[in-house]
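Trainee: Need the 3D shape of this:
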Amino acid sequence: MELRSGRRLRSSGQDRISALPDDLLRLVLARIGCARAAARTSVLSRRWRGLLLPGRVLRGVAFHKLEAALGRVSPAVSLLEIHVAKWACRLPPEQLRVSRVTSLLRAAARLAPEEFVLALPGESTRNTYDVELPSFHRATSIVLDALFFFRVPAGVEFPVLETLSLSGCMVDLKALLPQCPRLRVLRIKLTKFWTKGMDLMVHSASLQELVVENKWMRNVDIVAPSLKQLTMSMVSYIDKNISVMAPMMEKVSWQCLYVRVRGEAGFGLWCLGKLRLQTAERQGQPTSLHIHAYTNKRWYSLLNEVDSCREAIQKHIVDAFSVLELHLETAGHVFGAFVFHLIGMNCTHSAMQRLRVVLQRSMKEGCLTNCRCDPMNWKTENMSLTALKEMEVDGFEGEDHEFDFLKLVVKSAPNLDRVTVKLSREDSSSSDICTKLYDIFRAYSYVECCVCLNSGLMHGSQNCLST
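Mentor: The predicted model follows:
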């Protein structure tokens, strides 16, 4: 029966596929996913030729043939993606290549896509040639992945652009952002070839989300009154200048890595390793500041004991926090003076509600007589920690200077409710540690003290410590 039906179709010259509505035919072409294969379908029927596709994706087309391929695409497409594989990138000398990229972008702009993606493989060395970025009047989303500097000539506009993603390339943001009055999301991921000493300036009245992944960024200047989410990852210069004006921020993830070289920020033997300011994932949870530091005997004489550490940290405090978490590679050195140096920052002692100190002892150097990690005056510091309610020390070994640190914190925190001490190991000294802790906390009966081992809770409260 089906065979006879087929014979009737051929005899009558009917074509069921071509009889479908135009919108359905366009959907079929779009699902093919390859512009070259979609174009070949025109041999099936003359009616297929010239159909406006909702989107075009060009993959595997040689670079020098791209502009001609775009000339066969009808304008006003919803999506235009251009992916040039490395093996297909047969390029002329650099100057000619730059002019062709500019010409290619102009050809793409003439198609007026709503979404535009350009992924162009680049050189493995820094490329400083300028490529002109034309206007995309209908584009709501643009993705540029190419090792070029995109210059924005006068008069270029992006009136409806909402999302801009830059990967591997640089764009003159000072010239671009004023031409994007509806920009909501800006993502920047720069490679090491561009970023040595680069400044980041983002001024936008409409921006709501900013994501920056960069290395060796020197100065940061952000003015975004509508910004709600900020994600920043960078490697630090000591002389970095940072300014963030974003009063509406709700979610922050700010990370800075300090390179272990001469001139690093520090205090005495202590050097900054990493800093992270993080908003909690759950709404209503506090924002926390995480600081990783280590001892470095080699360069301690070059460090500024007074200002370099505090100044370096305070530059990155772009949002208020109430939790301070310190990860310290002590190598056997005294940490109390350094911790109180950090707590003494104006942005810390008045708002800190929770303090967590994680002690990591990967190697044991030990202190020499009059070691600079243990200035005698730190044990008599007078500090007001009125907001502190909870403290935890993880990796406690029962050294005298560790007990001195606990005494000073408890004395300085009149509203402290709970102290958790996690011992680094379980041995015969555990009972002695508990006895010494009881001697400290019996004068502060309002503070609950818990001592924990890796296997779990050892003593549950201050009263238990006395048994």
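
Trainee: My read is that Glu402 contacts Val393, right?
Mentor: Yes: counting by CB atoms under 8 Å, Glu402 touches Val393, with 7.4 Å between them. (Each C-beta comes from the backbone N, C-alpha and C, glycine too.)

Trainee: joint contacts of the two?
Mentor: When contacts are counted by CB atoms under 8 Å, 6 or more residues apart in numbering, the set common to Glu402 and Val393 is empty.

Trainee: contacting residues for the residue lying closest to Ala205 once chain neighbours are set aside?
Mentor: Ranked by CB to CB, 6 or more residues apart in numbering and with sequence neighbours excluded, the top spatial neighbour of Ala205 is Pro225, at 6.1 Å. Pro225 sits next to 205, 245-248 when contact means CB under 8 Å, 6+ apart.

Trainee: Any chance of TSV for those residues, columns secondary structure, neighbour count and distance to Lys315?
Mentor: TSV is the format used below for those (DSSP: H, G, I helix; E, B strand; the rest coil; neighbours: other CB atoms under 10 Å; distance: CB to CB, whole Å):
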residue	secondary structure	neighbour count	distance to Lys315
Ala205	coil	13	25
Met245	strand	12	14
Ala246	coil	20	15
Pro247	coil	8	19
Met248	coil	10	21
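
Trainee: And the furthest pair within these?
Mentor: Ala205 and Pro247 (12.7 Å; CB to CB).

Trainee: Now do the helices in the stretch 251-400 of the chain.
Mentor: For the stretch 251-400 of the chain, the helices defined by DSSP state H, counting those that start in this stretch occupy 308-314, 336-343, 346-349, 400-412.

Trainee: Of these, which stretch is the most buried?
Mentor: helix 336-343 (a mean of 21; mean count of other CB atoms under 10 Å).

Trainee: Which neighbouring elements make contact with that helix?
Mentor: helix 308-314, strand 323-329, helix 400-412 (3 or more CB pairs under 8 Å, 6 or more residues apart in numbering; DSSP states H and E).

Trainee: contacts for that helix?
Mentor: 267-268, 270, 291, 293, 309-310, 313, 324, 326, 328, 348-349, 352, 355, 357, 373-375, 378-379, 381, 383, 385, 401-402, 404-405, 408.

Trainee: If we use 7 Å, what do you get?
Mentor: Applying CB atoms under 7 Å, 6 or more residues apart in numbering, the contact partners of helix 336-343 are 267-268, 270, 291, 293, 309, 326, 348-349, 357, 373-375, 378, 381, 383, 401, 404-405.

Trainee: circling back to that earlier point, out of the helices of the stretch 251-400 of the chain, point me to the one whose mean pLDDT is lowest.
Mentor: Lowest mean pLDDT within the helices of the stretch 251-400 of the chain: helix 346-349, a mean of 72.

Trainee: now for it, which elements pack on it?
Mentor: For helix 346-349, there is no helix or strand it packs on, judged by 3 or more CB pairs under 7 Å, 6 or more residues apart in numbering; DSSP states H and E.

Trainee: With only the CA atoms kept, save it in PDB.
Mentor: Taking Å, rounded to 0.1, in the frame of the first residue of the first chain, the C-alpha atoms of helix 346-349 are listed here in PDB:
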ATOM      1  CA  ASN A 346      39.900  49.400  60.800                       C
ATOM      2  CA  CYS A 347      37.800  47.300  58.500                       C
ATOM      3  CA  THR A 348      38.300  44.200  60.700                       C
ATOM      4  CA  HIS A 349      38.100  44.700  64.500                       C
END
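
Trainee: and the host helix or strand of Ala175, which residues are buried?
Mentor: In this structure, Ala175 sits in helix 173-176 according to DSSP states H and E. Residues of helix 173-176 classed as buried by neighbour count (16 or more other CB atoms under 10 Å): 173, 176.
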